[in-house]
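Visitor: let's see this in three dimensions:
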Amino acid sequence: MQQELKATKDIIVIGAGVIGLSTAIKIQEKGGYRVTIVAETFPTDPKTIRYTSHWAGAHHVSGAYGSKRQREMDSETFDIMWKDSENGGPVEGCFLRHKNTQYRSDGVDPSEWLDHMPGFRPVSNDELVPGATHGWTFTTLTLYPPVYLNWLLGRFLGNGGKIVRAQLQHINQAIHGGISGLPQEPDAVVACVGLGARFLGGIEDKEVYPVRGQTVVLKAPWVRYGRTLTYADGSHFYLMPRATGDVLVGGIRVADDWFPVPREQDRDYLLAGGLAMCPELAPPDIRAERMPTVDDLRPLIVDEGCGLRPGRKSGIRLATEWPEGSKIPVVYNYGHSGMGFQSSWGSASVALNFLEEALAGEKPGKAKEYEIWPADYTGRRDHVC
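Guide: Residues are numbered from 1 along each chain as shown. Modelled structure (predicted):
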C-alpha cells in the first residue's frame, strides 16, 4: 500500500470551466494520479461574467476548418458526448439529439470537417432559408451547460478528486505551494485558465483576448431542430434547442469587447436575425394568422446573458514547459474561444499525453507545443458555438 501511494502523483489543475473539469477527469481516470482543482469559480456558483462556460449554447458543430488536429479533438469529443447522450445515459435532462442545418452564403464548404456527422448531406435549393446559397444538414446534440458542468464536477468529486477555492495571483502559488488545501509539492500543474491566462502571473499571455457573445433564450418547445446561418459579410446567427424545451438564439461575436451585461440593441439584433432564419420560433397560433414579428418573440424570453469567450491570436495553446528554476512541469490547455465544449475531451487527451511525457522524464527546460492552427490561418478562429 505504501509503495502504491508513493507511485501516485499529485497534479494540480487550475480552472473549473469545461476545459478544466474535462482535463481533470481525463487525468484522474487514467489512474496513478491524485488530482486537485483550484479555481475562483465553480459550476455550483451563480452565473457570473468571470465564468464563461455557464453562458455557452452549447451544441456540437465543429469549426475546425483546415486544422487536422482540431478536427481530431472535436471528433473525439463528439464520440464521447454522443455516447453520453444515449437514452438512459449518465446525465438526465442534459442532452438533446436533433437535426441541425448549417446555411451559408460566404462560399465556405464545411464538408471536410463535418462529413463524419450522422446523416450528413447537402440540402437542396428548395430547402434553403432566405439569405443562404448553400446548406448542409446532419444530426448532432445540444447540451445544457449548468447540468453538464455540475455533472462533470460531481463525477470528479465522486472519483476522489479534491477542489480548492482560491484566486491565484501567480502560477508559482500552485507550483511552489503556500495555498491552503493544495498539495505543497505537486508533481505537475495543468493550467486550464481560459481568459485568465491574460492576467495570471507567470503566464500573462497577451495573445489572449475576449470574444464577447450574447444570447437570448426563448421558451419555444415546438422547435426541436438547430440552425446556423453565416452571411457573406461574416455575420452569423444560430439557434440551439435544449432538452428543457427552450431555444437559445445567438450570433454576437465581438473581439476585445469587455462589456459584462446584455445590451438591448444586441437583443433586438438577435431576435430579428433568429426570426428571419427561423420564422417557426414564433408561436404556432400567431403563424396561423399572420406573418410573425420580433414583438411576437419578446413574451417568450426566459433568459438572456453574455459571456467572454477566451480567444487567442495563434489558436489554442496546448503546450508543456518548465518555468525557470523549476523542475515541476506546467501543461497549458487554454484559448479555445467558442470551441471549448466541442473540443473539451479531445484537448484533455492531448493535455494528458503531454503530462505523461513530461513526468516520464522529458528533459526540464525543453518546451513542447502542439500547434492547432496552421501558421497562416487567421480567418475563422472565433467560430462560435
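
Visitor: in the chain, which spans are helices?
Guide: Using DSSP state H, the helices assigned to the chain run over residues 2-7, 18-30, 68-84, 111-114, 145-158, 172-175, 264-277, 284-289, 340-359.

Visitor: what's the angle between the second one and helix 340-359?
Guide: With axes from the mean of the first three to the mean of the last three Cα atoms, to 10 degrees applied, the angle from helix 18-30 to helix 340-359 works out at 50 degrees.

Visitor: just the C-alpha atoms of helix 18-30, please, in PDB.
Guide: In PDB, the C-alpha atoms belonging to helix 18-30 read as follows (Å, rounded to 0.1, in the frame of the first residue of the first chain):
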ATOM      1  CA  VAL A  18     -15.500  22.800 -19.100                       C
ATOM      2  CA  ILE A  19     -11.800  22.500 -20.200                       C
ATOM      3  CA  GLY A  20     -10.500  22.300 -16.600                       C
ATOM      4  CA  LEU A  21     -13.100  19.800 -15.500                       C
ATOM      5  CA  SER A  22     -12.700  17.600 -18.500                       C
ATOM      6  CA  THR A  23      -8.900  17.600 -18.200                       C
ATOM      7  CA  ALA A  24      -9.000  16.900 -14.500                       C
ATOM      8  CA  ILE A  25     -11.300  13.900 -15.100                       C
ATOM      9  CA  LYS A  26      -9.200  12.600 -18.000                       C
ATOM     10  CA  ILE A  27      -6.100  12.700 -15.800                       C
ATOM     11  CA  GLN A  28      -7.900  11.200 -12.800                       C
ATOM     12  CA  GLU A  29      -9.500   8.300 -14.700                       C
ATOM     13  CA  LYS A  30      -6.200   7.400 -16.300                       C
END
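
Visitor: could you say what helices and strands it packs with?
Guide: Secondary structure elements in contact with helix 18-30, counted by 3 or more Cβ pairs under 8 Å, 6 or more residues apart in numbering; DSSP states H and E, are strand 9-14, strand 33-39, helix 145-158, strand 188-191, strand 330-334, helix 340-359. Heads up, the C-betas are built off the backbone N, CA and C, glycines and all.

Visitor: could the ones you listed go into a markdown table alongside mean pLDDT, distance to Val216 and mean neighbour count?
Guide: As requested, the helices and strands packed on helix 18-30 are exported to a markdown table (pLDDT from 0 to 100; distance: least, Cβ to Cβ, whole Å; neighbours: other Cβ atoms under 10 Å):
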| stretch | mean pLDDT | distance to Val216 | mean neighbour count |
| --- | --- | --- | --- |
| strand 9-14 | 98 | 32 | 25 |
| strand 33-39 | 98 | 28 | 23 |
| helix 145-158 | 98 | 15 | 18 |
| strand 188-191 | 98 | 33 | 27 |
| strand 330-334 | 98 | 28 | 27 |
| helix 340-359 | 97 | 19 | 24 |
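
Visitor: could the helices of the chain go into JSON lines alongside distance to Leu248?
Guide: JSON lines is the format used below for those (distance: least, Cβ to Cβ, whole Å):
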{"stretch": "helix 2-7", "distance to Leu248": "46"}
{"stretch": "helix 18-30", "distance to Leu248": "16"}
{"stretch": "helix 68-84", "distance to Leu248": "17"}
{"stretch": "helix 111-114", "distance to Leu248": "20"}
{"stretch": "helix 145-158", "distance to Leu248": "10"}
{"stretch": "helix 172-175", "distance to Leu248": "35"}
{"stretch": "helix 264-277", "distance to Leu248": "10"}
{"stretch": "helix 284-289", "distance to Leu248": "20"}
{"stretch": "helix 340-359", "distance to Leu248": "13"}
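
Visitor: low pLDDT regions in the protein?
Guide: Where the chain drops to pLDDT under 70, the residues are 1-6, 362-385.

Visitor: next, name the residue at the spatial heart of it.
Guide: Computing the C-alpha centroid of the chain and ranking residues by Cα atoms, centre = their mean puts Gly340 first, at 2.1 Å.

Visitor: any idea how far Ser235 is from the closest residue to that residue other than its chain neighbours?
Guide: The shortest distance from Gly340 to any non-neighbouring residue, by Cβ to Cβ, 6 or more residues apart in numbering, is to Val18 (5.1 Å). Taking Cβ to Cβ, to the nearest Å as the measure, Val18 falls 26 Å from Ser235.

Visitor: who's more crowded, these two?
Guide: Under the neighbour definition other Cβ atoms under 10 Å, Val18 and Ser235 were set side by side, and Val18 has more, 29 against 15.

Visitor: mind listing what the more buried one touches?
Guide: Val18 makes contacts with Ser53, Ala56, Pro145, Tyr148, Leu149, Leu152, Gly340, Phe341, Ser344, as judged by Cβ atoms under 8 Å, 6 or more residues apart in numbering.

Visitor: likewise Arg309?
Guide: Under the criterion of Cβ under 8 Å, 6+ apart, the neighbours of Arg309 are 52, 195, 210-213, 253, 336-338, 340, 382, 384.

Visitor: going through those, which ones are buried?
Guide: 52, 195, 210-213, 253, 336-338, 340, 382, 384 (16 or more other Cβ atoms under 10 Å).

Visitor: between the contacts of Arg309, which sits nearest Pro122?
Guide: Nearest to Pro122, judged by Cβ to Cβ, of the contacts of Arg309 is Val384 at 22.6 Å.

Visitor: tell me what Trp136 is bridged to.
Guide: For Trp136, the residues forming beta bridges with it (DSSP bridges) are Gln102, Pro122.

Visitor: what number of residues lie near it?
Guide: 19.

Visitor: I'd say it and Glu127 touch.
Guide: No - with contacts defined as Cβ atoms under 8 Å, Trp136 does not count as touching Glu127, sitting 10.3 Å away.

Visitor: which neighbours do the two share?
Guide: Common contact partners of Trp136 and Glu127 (Cβ under 8 Å, 6+ apart): Thr101.

Visitor: please enumerate the strands of the stretch 151-300 of the chain.
Guide: Along the stretch 151-300 of the chain, the stretches classed as strands by DSSP state E, counting those that start in this stretch are 162-165, 188-191, 208-219, 226-230, 236-241, 246-250, 254-255.
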